[in-house]
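In: What follows is a protein structure lacking sequence information:
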Ligand SMILES: Nc1ncnc2c1ncn2[C@@H]1O[C@H](COP(=O)(O)OP(=O)(O)O)[C@@H](O)[C@H]1O
Ligand SMILES: CC(=O)N[C@@H](CCC(=O)OP(=O)(O)O)C(=O)O
């Protein structure tokens, strides 16, 4: 369907209230590894982030990369093991994780954003001692739990017009390196930055009552309902850290958190610039 110039102008005008509401506001976007399925879709996600920056918003990107870490571990003959969605991380796994997240995926996202004329800077939670962490549970090895986030480096980056791209790696008080679930980093960071919105991009339509039935999507969840959904096992596996991080964010001042489908082209724009919204919205 080809739009007339007037129809195109109408669409732009429709987005005006959203552009106004989000002007100078921080939006934390967590780009999950499962949603990085092909280069074309990656480009649409990146273009949405670039557009947000050009229209005056302040996007902060936290990326995952679980599937690529798993692939590299298997190539190197290591069997990945997860407990409640978290990767059991020995020293060798930590080295692989840092190499893939910061050395590969972070660099790729930075290059893609830079390619559109917006300047991005890639960092991990170790830079500037940003994400101070401690061991979460000895049985998980070097998996980190966030103790404190120092947002001063992010402010320095954004105040100078750059888009920060953050790998979910934390530092211990004695210089240790920790592997942190990217959803957890995004939720805590959104709260620490006082973000207006947190958007988690994944590879399902949102939270569904029945995972095999995409029409069963739950479009709005209130924080007080989350526990019931987890206890009744409607929400399980990798969706648990996601809703928990949304809970953390919206109970610490973030207005809304959204779980949306990165397989749908321009899902971020649909979420921010249209009335309908997509995926699952979580509010307090
Ligand atoms: N109620 C639910 N609705 C949708 N997905 C769910 C639900 N409960 C569990 N899941 C699982 O959560 C997964 C998303 O988490 P995860 O694989 O960790 O994504 P990501 O790599 O984007 O962080 C889905 O692929 C699905 O298998
Ligand atoms: C402790 C832990 O599990 N860390 C994650 C970090 C990457 C991540 O969270 O990636 P996704 O968002 O793509 O799942 C991992 O090692 O896979």
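Out: Yes, it's here. Just so we're clear, the structure is a prediction, and the values are computed from it rather than from any experiment. Numbering: from 1, shown residues only. Ligands and ions are numbered 1, 2, ... in the order given.

In: what's the burial count for the closest residue to residue 209 other than its chain neighbours?
Out: The shortest distance from residue 209 to any non-neighbouring residue, by Cβ to Cβ, 6 or more residues apart in numbering, is to residue 216 (4.0 Å). Where C-beta positions appear, they are placed from N, C-alpha and C, glycine not excepted. Counted by other Cβ atoms under 10 Å, the residues lying close to residue 216 total 14.

In: Could you pull up the residues touching residue 216?
Out: Neighbouring residues of residue 216 by Cβ atoms under 8 Å, 6 or more residues apart in numbering: 208, 209, 210.

In: So among those, which ones count as buried?
Out: residue 208 (16 or more other Cβ atoms under 10 Å).

In: how about JSON lines for the contacts of residue 216, with distance to ligand 2 added?
Out: Formatted as JSON lines, the contacts of residue 216 follow (distance: Cβ to the nearest ligand atom, whole Å):
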{"residue": "208", "distance to ligand 2": "18"}
{"residue": "209", "distance to ligand 2": "23"}
{"residue": "210", "distance to ligand 2": "23"}
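
In: from the contacts of residue 216, which are also near ligand 1?
Out: Of the residues in those, proximity to ligand 1 by Cβ under 6 Å from any ligand atom holds for residue 208.

In: Give me the pLDDT value at the closest residue to ligand 1 within the stretch 101-250 of the chain.
Out: Nearest residue of the stretch 101-250 of the chain to ligand 1, counting by Cβ to the nearest ligand atom: residue 238, 2.2 Å away. Predicted confidence (pLDDT) for residue 238: 83.

In: and stretch 217-232, does that touch ligand 1?
Out: No. Shown here: stretch 217-232 not in contact with ligand 1 (Cβ under 6 Å from any ligand atom), separated by at least 7.3 Å.

In: meant to ask about stretch 101-115, not that
Out: No. Against ligand 1, stretch 101-115 shows no contacts by Cβ under 6 Å from any ligand atom, the least distance being 12.0 Å.

In: Tell me the buried residues in that stretch?
Out: Buried residues in stretch 101-115 (16+ other Cβ under 10 Å): 101, 102, 105, 106, 108, 109, 110, 112, 113, 114.

In: List the contacts of it.
Out: 31, 33, 36, 42-43, 46, 49-50, 61, 63, 65, 68-69, 119-122, 124, 163, 165-169.

In: Residues touching the lowest-mean-pLDDT helix or strand in the chain, excluding its own?
Out: Lowest by mean pLDDT, DSSP states H and E among the helices and strands of the chain is helix 5-14, with a mean of 88. Contact with helix 5-14 is made by 3, 273, 274, as judged by Cβ under 8 Å, 6+ apart.

In: What pLDDT is listed against residue 261?
Out: 93.

In: what does residue 173 give?
Out: In the prediction, the pLDDT value recorded for residue 173 is 96.

In: coming back round to it: show the contacting residues for the spatially closest residue to the residue of the stretch 101-250 of the chain closest to ligand 1 that is not a sequence neighbour.
Out: Leaving aside its chain neighbours, residue 238 sits nearest to residue 85 (5.1 Å; criterion: Cβ to Cβ, 6+ apart). Residues in contact with residue 85 (Cβ under 8 Å, 6+ apart) are 181, 237, 238, 240, 241.

In: Number of residues surrounding the second one?
Out: It refers to residue 237. Around residue 237 there are 12 residues (other Cβ under 10 Å).

In: Check for me that it belongs to a strand.
Out: No. Using DSSP: H, G, I helix; E, B strand; the rest coil, the assignment for residue 237 is coil, not a strand.

In: please begin residue numbering at 575 from this point
Out: Okay, using 575 as the starting number, the last item reads as residue 811.
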